[in-house]
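S.K.: here is the input, now give the coordinates:
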Amino acid sequence: MRHIRLYLALGGWLLVGTLAMTATPNRKPGLWQITTTMTWQKAPEVAGSDAAKLQGGTHTTEVCLTQEMIDDYGALLPHDNGMCKIQNRVTSDAKTTGEYVCNGVMDGKGELESTWVDPGHVKGKVHFNGTFQVGSERQTVEWTTDSLSEFKSSSCGAVKPHPLGKH
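M.R.: Down below sits the predicted model:
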């Protein structure tokens, strides 16, 4: 079940990751508040109390987007835990699309889209289809995450940026 929690968090971070995928002057480094809603269309079947962890729902978190992240990647990208990567990224002035490809405990591909509403607001969406290792079997999964990101401050305060990973 630790793996399910990891991928639930990863799915949430994916939308955090699609916060800003273009390096343009009006992208603001600093503190961002991300509200993410995860919906399972097909969740892995697990027994007992672990099933409650798969309900999805809405979560809000704060993240620190640094200038280095904007310069290197144009964004705060999801952690590359060696299993999932963003591929085939296409960026225009206000929109980025790409594929979120996973190989490991979770295998499959998700289509991601991130759109700048204005310099302080970003909408994101990921729709993922694949399989998830539960015990000795692989189960089909499908989930969608929708996010709204809002710039809060040029200072991150106590919120520390996540280390830049391989993307």
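S.K.: without its sequence neighbours, what residue ends up closest to Q67?
M.R.: Distances taken as Cβ to Cβ, 6 or more residues apart in numbering place P29 nearest to Q67, at 4.5 Å, with adjacent residues excluded. Placement of C-beta: from N, CA and C, glycine included.
S.K.: quick one: contacts for that neighbour?
M.R.: Contacts for P29 (Cβ atoms under 8 Å, 6 or more residues apart in numbering) come out as 65-67, 69-70, 154.
S.K.: what about those, which are in helices?
M.R.: 67, 69-70 (DSSP state H).
S.K.: closest one to G130 out of these, please.
M.R.: Nearest to G130, judged by Cβ to Cβ, of these is M69 at 27.0 Å.
S.K.: list the beta-bridge partners for T115.
M.R.: In this structure, T115 bridges to K95, K123 when assessed by DSSP bridges.
S.K.: hey, where'd the helices end up in this structure?
M.R.: Under the criterion DSSP H, the chain contains helices at 2-17, 67-73.
S.K.: now the longest one: average pLDDT?
M.R.: Model confidence over helix 2-17, given as mean pLDDT, is 50.
S.K.: do the same with the shortest one
M.R.: Taken as a whole, helix 67-73 carries a mean pLDDT of 74.
S.K.: would you mind listing which of the ones in helices among the contacts of P29 are buried?
M.R.: Among the ones in helices among the contacts of P29, those scoring as buried are 69-70 (criterion: 16 or more other Cβ atoms under 10 Å).
S.K.: now stretch 58-70 - C-alpha only, CSV.
M.R.: C-alpha atoms of stretch 58-70 as CSV (Å, rounded to 0.1, in the frame of the first residue of the first chain):
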residue,chain,number,x,y,z
THR,A,58,-9.4,17.5,-3.4
HIS,A,59,-6.2,18.6,-1.8
THR,A,60,-4.5,22.0,-1.5
THR,A,61,-0.8,22.5,-1.0
GLU,A,62,1.8,25.2,-1.4
VAL,A,63,4.9,24.8,-3.5
CYS,A,64,8.0,26.9,-4.1
LEU,A,65,8.8,27.5,-7.8
THR,A,66,12.4,28.9,-8.1
GLN,A,67,13.9,30.9,-10.9
GLU,A,68,16.3,28.0,-11.5
MET,A,69,13.3,25.8,-12.2
ILE,A,70,11.9,28.3,-14.6
